[in-house]
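Below are the sequence and a predicted model; questions follow.
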Amino acid sequence: MGRITTDLLRRRAEHNEGCLSNLKEVALHQQDIERIELIGDACRELEILYLCNNYISRIEGLQHLKYLKYLNLAVNNITYIEGLEGCEALERLDLTLNFVADVTCVERLRANAFLDQLHLTGNPCTKVAGYRAYVVHALPQLRELDGEEVIKTERLEARQSKDDISVAVNEEALRLQKRSVSSQRWLHEALTAFPPRYNEKGERLYGHTPEERLQMLREKEEEERRKREEQRERERSSQFGAIREELERKPQRLTAEEEIAKHGRLLLRNEPKLPFTLDEEADDGEAVVLTVKVPRFLSTTLIDVQVEVNYIRVFVKEKLIQVPLSQEVAPSGVNVQRSSVNGELRIRIPYAPHVLQEVSEARRRRQRLLGLLSDDKNEDGTG
């Protein structure tokens, strides 16, 4: 089962530097997705969303997409139109080759005042007598239905025959409701109305129903899992299987304590390969300032800063920048700023109180020493 994850969304948002907060368009077709999740919360400025050729059975989780203009859900397992009332800017909806049988559910789209294109080609509801007239009358904002323009005379005819059409459509909706109850009974009794079918060559045959599409997906996943297991077994049994497995294993990141125990000290690390500078004499020697050249358009939500008494850790898109410090600092006084001009990250941490005291005493000793040297020079000049 494919799932919509933050990692998948960021991979599909490479054209936007992986940033999701201001993402305008994303394509998630052919990902074996069965459920819409995360998109409505992570990508609230989305305008174009492609979810075609998946196994989605319900429209959900999109109520926060106020700017969504085009939604493509073609070739899925949708059986009912719902969950789009919050998409105030929706202009185009493509539900081609789904399983919407109850044409009355199009009335849920009345709330989408800007919807002018609707595609339902290949759905069972298109075979209902009076389908087109019913949809044209139910959605007066439509300009185009199933790729054909809705003309004024067609709208007038639909309005005149609305009573007869409504009777036929409601009768069909009642038949569908009874059929749905029967299907639920079959499922409850753990029976299947679609036993496996094979042709004369012994090849598996599938029908065009949501249940059989899901069954096809499950069998494909099981076949892929079996092949992976066989491949893994072959590698393990080979002479160099164990060595290859060790080489391909990703190293786990050590904590600061584990790194000190292993190497005797903290190491300087720069996994994201970003330029940075460290100033340990900032503010006349009273603070440490770390400056990291972060890309300007990278979302601040992808940056995390950790400050301890003897090191600074900055995570940029989960990649680590680690900077050991020669003197102890006071993490409670840390100040982190991000430039709105170039995206630069500036971290200022004051030194610990005992370090500041040592710095102050060293400064006074230096000043006294400089004062004595100056007096000696004056005496030599007078003599």
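In hand now; what should we look at?

ok now do Leu95, which residues does it touch?
Applying C-beta atoms under 8 Å, 6 or more residues apart in numbering to Leu95 gives the contacts Leu73, Ala74, Ile78, Ile81, Leu118, His119, Leu120, Asn123. (Glycine included, C-beta is placed from N, CA and C.)

Let me have these in JSON lines, extended by neighbour count.
Putting the contacts of Leu95 into JSON lines (neighbours: other C-beta atoms under 10 Å) gives the following:
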{"residue": "Leu73", "neighbour count": "24"}
{"residue": "Ala74", "neighbour count": "19"}
{"residue": "Ile78", "neighbour count": "20"}
{"residue": "Ile81", "neighbour count": "24"}
{"residue": "Leu118", "neighbour count": "22"}
{"residue": "His119", "neighbour count": "20"}
{"residue": "Leu120", "neighbour count": "23"}
{"residue": "Asn123", "neighbour count": "23"}
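
mind showing which ranges of the stretch 251-383 of the chain have poor pLDDT?
Scanning the stretch 251-383 of the chain for pLDDT under 70 picks out the ranges 251, 372-383.

hey, where'd the strands end up in it?
Taking DSSP state E, counting those that start in this stretch, the strands of the stretch 251-383 of the chain run over residues 269-270, 276-281, 287-292, 303-308, 311-316, 319-324, 335-338, 345-350.

And the stretch 51-200 of the chain, by the same measure?
So, for the stretch 51-200 of the chain - with DSSP E, counting those that start in this stretch - the strands run 70-72, 92-94, 117-119, 144-145, 148-149, 197-198.

Please produce JSON lines containing those, extended by mean pLDDT and distance to Arg269.
Shown next, in JSON lines, are those (pLDDT from 0 to 100; distance: least, C-beta to C-beta, whole Å):
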{"stretch": "strand 70-72", "mean pLDDT": "97", "distance to Arg269": "43"}
{"stretch": "strand 92-94", "mean pLDDT": "97", "distance to Arg269": "47"}
{"stretch": "strand 117-119", "mean pLDDT": "97", "distance to Arg269": "52"}
{"stretch": "strand 144-145", "mean pLDDT": "96", "distance to Arg269": "56"}
{"stretch": "strand 148-149", "mean pLDDT": "95", "distance to Arg269": "61"}
{"stretch": "strand 197-198", "mean pLDDT": "66", "distance to Arg269": "58"}
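
now those strands in JSON lines, with distance to Asp41?
Formatted as JSON lines, the strands of the stretch 51-200 of the chain follow (distance: least, C-beta to C-beta, whole Å):
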{"stretch": "strand 70-72", "distance to Asp41": "17"}
{"stretch": "strand 92-94", "distance to Asp41": "21"}
{"stretch": "strand 117-119", "distance to Asp41": "26"}
{"stretch": "strand 144-145", "distance to Asp41": "31"}
{"stretch": "strand 148-149", "distance to Asp41": "37"}
{"stretch": "strand 197-198", "distance to Asp41": "42"}
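
before we move on, back to that, sort out which one of the contacts of Leu95 lies nearest Cys105 for me.
The nearest member of the contacts of Leu95 to Cys105, counting by C-beta to C-beta, is Ile81 at 4.4 Å.

returning to what we had before: out of the strands of the stretch 51-200 of the chain, nearest to Val314?
strand 70-72 (38.0 Å).

who does that closest one pair up with?
According to DSSP bridges, strand 70-72 has the following sheet partners: strand 48-50 (parallel), strand 92-94 (parallel).

export the ones you listed to JSON lines and tack on distance to Leu62 and mean neighbour count?
Formatted as JSON lines, the strands paired with strand 70-72 follow (distance: least, C-beta to C-beta, whole Å; neighbours: other C-beta atoms under 10 Å):
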{"stretch": "strand 48-50", "distance to Leu62": "8", "mean neighbour count": "19"}
{"stretch": "strand 92-94", "distance to Leu62": "11", "mean neighbour count": "20"}
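
re earlier: turn the strands of the stretch 251-383 of the chain into CSV, columns for distance to Leu145.
As requested, these are exported to CSV (distance: least, C-beta to C-beta, whole Å):
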stretch, distance to Leu145
strand 269-270, 57
strand 276-281, 57
strand 287-292, 54
strand 303-308, 47
strand 311-316, 48
strand 319-324, 49
strand 335-338, 49
strand 345-350, 52
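
And those: which comes nearest Arg108?
Arg108 lies closest to strand 303-308 among those, at 40.9 Å (C-beta to C-beta).

got the angle for the closest one vs strand 287-292?
For strand 303-308 against strand 287-292, the angle by axes from the mean of the first three to the mean of the last three C-alpha atoms, to 10 degrees is 150 degrees.

Tell me which other helices or strands strand 303-308 touches.
Applying 3 or more C-beta pairs under 8 Å, 6 or more residues apart in numbering; DSSP states H and E, we find strand 303-308 packed against strand 311-316, strand 345-350.

Output those strands as CSV; include the columns mean neighbour count and distance to Arg338.
Shown next, in CSV, are these (neighbours: other C-beta atoms under 10 Å; distance: least, C-beta to C-beta, whole Å):
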stretch, mean neighbour count, distance to Arg338
strand 311-316, 20, 12
strand 345-350, 19, 6
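
Arg12 is nearest to which of the ones you listed?
Closest among those, using C-beta to C-beta: strand 311-316, at 20.0 Å.

Out of the contacts of Leu95, flag the one nearest to Ile321.
Closest to Ile321, out of all of the contacts of Leu95 and judged by C-beta to C-beta, is Leu73, at 41.5 Å.

Turn the strands paired with strand 70-72 into CSV, columns for distance to Pro272.
Below are the strands paired with strand 70-72 laid out as CSV (distance: least, C-beta to C-beta, whole Å):
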stretch, distance to Pro272
strand 48-50, 30
strand 92-94, 39
